[in-house]
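Engineer: Sharing a sequence plus its predicted fold:
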Amino acid sequence: MINKKWIALGFAVIAAVLLLLLPNEPKKQYYHHQGNIFGTYYNIRYEGTEDWHAAIQQRLQDFDHSLSMFNPNSVISHVNRNDSVLTDSLFEAMYHEAHAISRLSNGAFDITVAPLVNAWGFGKSVALGDEAKRLLGNKAQIDSIKQFVGYQHIRLTDHRLEKDDERITLDASAIAKGYACDIVAQLLRQKGCQNLLVDIGGEVVVQGVNHQGNAWRVGITRPTIDATGAEKELQEVIASSDLCMATSGNYLQYYIANGERRSHTIDPRTGYPVEHSLLSATVCASTCMRADALATACMVLGEEAALDMIERTTDAACYLIIADSDTLRVATSQRWQF
């Protein structure tokens, strides 16, 4: 009769051999990458079994080739020059989300606003001198441009963007950074990363936990009239393990002309810079692309209309910072739970 001890020993030996034959589980670690893209910065952290920086850079280059206003060979640049070009999946996803937010906001968000942005001196062209600034925005010029501004004047058909007027040009800057965050986060998830932070120009996607095992902490900057951006204070810090967040503000990009402060936030419906007390809008939504566009729409609409728009969505919440005499006031939508 076989001794039970020998049987147990045999099983132990077999188990040990099997453990030796099994492949070792790849060791995970946190990676951190920084750089510049689309005229701004990126800051990406994630836990993974490999360094995916090369794959991230390739995905960002794909995005740059589609939607960068700074790349003369991008799809959007070809569209703006009325070249014969087929739109790609990145451009088309941007277009459909932009169109949806335009309808939701009654035109407060509009990617055809580019000619107005340029007319007011906030385009990507060379910086304007004081004399040129004083000449910008005259009523006749604005009324003329408004004739070919409006999301209703463009449509996507068979991978081509059709325009009602060849003078129409697109500006995706108010939606592109958020979209870029989404596609990088999507790439990292496909690579098996469950803990990640993607920050591109202040638009953020987070998932899981940081290297200390805690929820990621994301700050909302306190608006200050400081063109250098050197004095940044945090108004609020959010701790989250599942977040798509974007912020838009009109307190840094502006100029003074004829004694008036002109904000870079242009209302596509009126053709003029906005004149209300809303300084900053932070939006959380189901995607960062959507949050980015909604934040811009909030800045155009102002406090009351912005809150009304956000409440009409099913996935978004907002945190608004308003100038109230000499102080700052905060207003939040009902779904803001942080």
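Structural biologist: Perfect, thanks for sending it.
Engineer: what's the neighbour count on N43?
Structural biologist: A count of nearby residues for N43, using other Cβ atoms under 10 Å, gives 15. Yep, even glycine has a C-beta here, placed from its N, CA and C like the rest.
Engineer: from now on call the first residue 19
Structural biologist: In the new count, where the first residue is 19, that last one comes out as N61.
Engineer: Now name the helix or strand holding the spatially closest residue to it that is not a sequence neighbour.
Structural biologist: Leaving out its chain neighbours, the residue that sits closest to N61 by Cβ to Cβ, 6 or more residues apart in numbering is D217, at 4.3 Å. Assigned by DSSP states H and E, D217 falls within strand 214-218.
Engineer: ok, now R207?
Structural biologist: helix 191-208.
Engineer: ok, what's across the strand from R347?
Structural biologist: Beta bridges link R347 to I340, judged by DSSP bridges.
Engineer: residues in contact with it?
Structural biologist: I339, I340, A341 (Cβ atoms under 8 Å, 6 or more residues apart in numbering).
Engineer: so what's the first one up against?
Structural biologist: This means I339. I339 makes contact with I238, R240, P241, Q253, L296, L297, S298, A299, L346, R347, V348, according to Cβ under 8 Å, 6+ apart.
Engineer: Nearest to K164, out of these: which one, please.
Structural biologist: L296 (22.8 Å; Cβ to Cβ).
Engineer: Quick check: chain neighbours aside, which residue is closest to the spatially most central residue of the chain?
Structural biologist: The centre of the chain sits closest to G196, judged by Cα atoms, centre = their mean, with a distance of 1.9 Å. Distances taken as Cβ to Cβ, 6+ apart put D310 closest to G196, at 2.8 Å, once the chain neighbours are dropped.
Engineer: residues in contact with that neighbour?
Structural biologist: Per Cβ under 8 Å, 6+ apart, neighbours of D310: A192, I193, A194, K195, G196, Y197, E221, A264, S266, V301.
Engineer: Any chance of TSV for those residues, columns pLDDT and distance to I55?
Structural biologist: Converted to TSV, the contacts of D310 look like this (pLDDT from 0 to 100; distance: Cβ to Cβ, whole Å):
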residue	pLDDT	distance to I55
A192	95	16
I193	97	15
A194	96	10
K195	96	9
G196	98	13
Y197	98	12
E221	97	12
A264	98	16
S266	94	19
V301	98	22
